[in-house]
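In: Provide a 3D model corresponding to the input given below.
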Amino acid sequence: MQQLSVRHLLGIKDITPQDIQLIFETADQFKEVLNRPIKKVPSLRDVTIANVFFENSTRTRLSFELAEKRLSADVINFSASGSSVKKGETLLDTVNNILAMKVDMIVMRHSSPGAPHFLSRKINANIVNAGDGTHEHPTQALLDSFSIRERLGEVGGKKIAIIGDITHSRVALSNIFALQKQGAEVAVCGPPTLLPKHIGELGVKVFWNVREALQWCDVANVLRIQLERQTGKLFPSLREYALYFGINKKMLDELNKEIVLMHPGPINRGVELTSDAADSHHSVILDQVENGVAIRMAVLYLLASKG
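Out: All right, here's what the predicted structure looks like:
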């Protein structure tokens, strides 16, 4: 059996194009399993996985939990809000206490960039990064690329525009790395205050006008405004942002080509996307959610086989 080149999935930056291909081929098989009447396989029976979330999450947490249960793993859920972290316990002590209960793998979300990388040097269990601050969110980027591959046949040679709050987004960085490793062209678009200063050094095009970005791209991956991460006021109002950078169905219909519309969720309807755009035939947003389970099953299965 082919194996991943890494023991942990900490970020897309650390994996190879061959790893991405292997994850996609494995996810194809698991997607077929998910469409059967009995959606469960015994691949990870007797493997214990802890979901350790120090930040709020709905989609990612549910998706990982469902993936683990579809693989017949034993699942422990940990939430920082009701834990000893509130009493002053450190990250390392928290995780070592969980590992003392003989846990094999940790799926972790943390508000500090690099937290999973720090842990990977301290403990023996496999770690999957479910988002670390504004740094990376590797499984989201993988499921986004998988959804593009499913809709357009391949990712290589395609033009993908990432539109919205790039500075505060972990999805944007992981997507840039994943798409470039597969041979796609990447552009970013948003207000100057929401684009990192030296983003062009990553080899991406920069658009300041959303209509130009839509005209250029084959796929528009729209990100929400992350108000909870912003320290100052970076644009006048949500209404003004929606006016200049929001996407509606009329804009999509006026293009002289068909494009694919994506969003990692949660959508702020009426801000970055109107409802008629989000629910249109251009959108693969619900396909992304479905593919998320298959991708996470593939990642967990492949990492477990690394031991």
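
In: When you work out contacts or count neighbours from here on, use the C-alpha atoms and nothing else.
Out: Fine.

In: low-confidence ranges in the stretch 201-307 of the chain?
Out: Residues of the stretch 201-307 of the chain that meet the criterion pLDDT under 70 lie in 227-236, 307.

In: mind listing the helices for it?
Out: With DSSP state H, counting those that start in this stretch as the criterion, the stretch 201-307 of the chain has helices at 210-216, 238-245, 249-254, 275-278, 285-304.

In: Return the set of buried residues in the first one.
Out: Within helix 210-216, the residues scored as buried using 16 or more other CA atoms under 10 Å are 210-211, 213-216.

In: just the second one next, same as before
Out: Applying a neighbour-count criterion of 16+ other CA under 10 Å, one finds 241-242, 245 buried in helix 238-245.

In: Residue nearest the middle of the protein, spatially speaking?
Out: Residue closest to the average C-alpha location in the chain (CA atoms, centre = their mean): Q140, at 1.7 Å.

In: Pretty sure that residue sits against P264.
Out: Yes: counting by CA atoms under 8 Å, Q140 touches P264, with 7.3 Å between them.

In: got any residues that touch both of these two?
Out: V171 (CA atoms under 8 Å, 6 or more residues apart in numbering).

In: got the contact list for I15?
Out: By CA under 8 Å, 6+ apart, I15 lies in contact with 5-6, 9.

In: nope, P42 is what I meant
Out: P42 sits next to 71-72 when contact means CA under 8 Å, 6+ apart.

In: burial count for the residue nearest to P266 when sequence neighbours are not counted?
Out: Once flanking residues are discounted, P266 sits nearest to R224: 7.4 Å by CA to CA, 6 or more residues apart in numbering. Per other CA atoms under 10 Å, the neighbour tally for R224 reads 21.

In: phi, psi of R224?
Out: phi -80, psi 160 (degrees, to the nearest 10).

In: Turn the helices of the stretch 201-307 of the chain into a markdown table, including distance to E201.
Out: What follows is the helices of the stretch 201-307 of the chain, written out as a markdown table (distance: least, CA to CA, whole Å):
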| stretch | distance to E201 |
| --- | --- |
| helix 210-216 | 19 |
| helix 238-245 | 23 |
| helix 249-254 | 29 |
| helix 275-278 | 31 |
| helix 285-304 | 29 |
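
In: Between these, which one is closest to D93.
Out: helix 285-304 (23.5 Å; CA to CA).

In: in that closest one, what counts as buried?
Out: So, applying 16+ other CA under 10 Å, buried residues of helix 285-304: 285, 287-304.

In: Can you give the contact residues for it?
Out: Here helix 285-304 has contacts from 3-4, 6-9, 23-24, 26-28, 30-31, 34, 43-44, 59, 63-64, 66-68, 70-71, 105, 126, 139-140, 142-144, 146-147, 261-264, 278, using CA under 8 Å, 6+ apart.

In: Mind checking which of the residues you listed land in helices?
Out: Judged by DSSP state H, the subset of the contacts of helix 285-304 located in helices is 23-24, 26-28, 30-31, 34, 59, 63-64, 66-68, 70, 139-140, 142-144, 146-147, 278.

In: Separate out the buried members of those residues.
Out: For those, buried by 16+ other CA under 10 Å: 23-24, 26-28, 30-31, 34, 63-64, 66-68, 70, 139-140, 142-144, 146-147, 278.

In: and the protein, what are its domains?
Out: In the domain annotation for the chain, the residue ranges read 8-137+289-305, 138-284 (the TED database).

In: tell me which element V95 falls in.
Out: In the assignment (DSSP states H and E), V95 maps to helix 91-99.

In: what about that helix, distance to the chain center?
Out: Relative to the centre of its chain, helix 91-99 is centred 25 Å away, using CA atoms, centre = their mean, to the nearest Å.

In: Now that helix: buried residues?
Out: Neighbour counts over helix 91-99 (16+ other CA under 10 Å) mark 94-96, 98-99 as buried.

In: Now for A115: which residues touch it?
Out: D132.

In: Quick one: mean pLDDT over the one helix or strand V188 maps to.
Out: Using DSSP H and E, V188 sits within strand 185-189. Average pLDDT, strand 185-189: 98.

In: Tell me the helices and strands packed up against it.
Out: Helices and strands touching strand 185-189, by 3 or more CA pairs under 8 Å, 6 or more residues apart in numbering; DSSP states H and E, are strand 159-163, helix 170-181, strand 205-207, helix 210-216.

In: and it, C-alpha only, in PDB?
Out: Extracted in PDB, the C-alpha atoms of strand 185-189 (Å, rounded to 0.1, in the frame of the first residue of the first chain):
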ATOM      1  CA  GLU A 185      -3.000  29.500 -10.900                       C
ATOM      2  CA  VAL A 186      -4.100  31.300  -7.800                       C
ATOM      3  CA  ALA A 187      -5.300  34.900  -7.300                       C
ATOM      4  CA  VAL A 188      -6.500  36.800  -4.300                       C
ATOM      5  CA  CYS A 189      -9.000  39.600  -4.100                       C
END
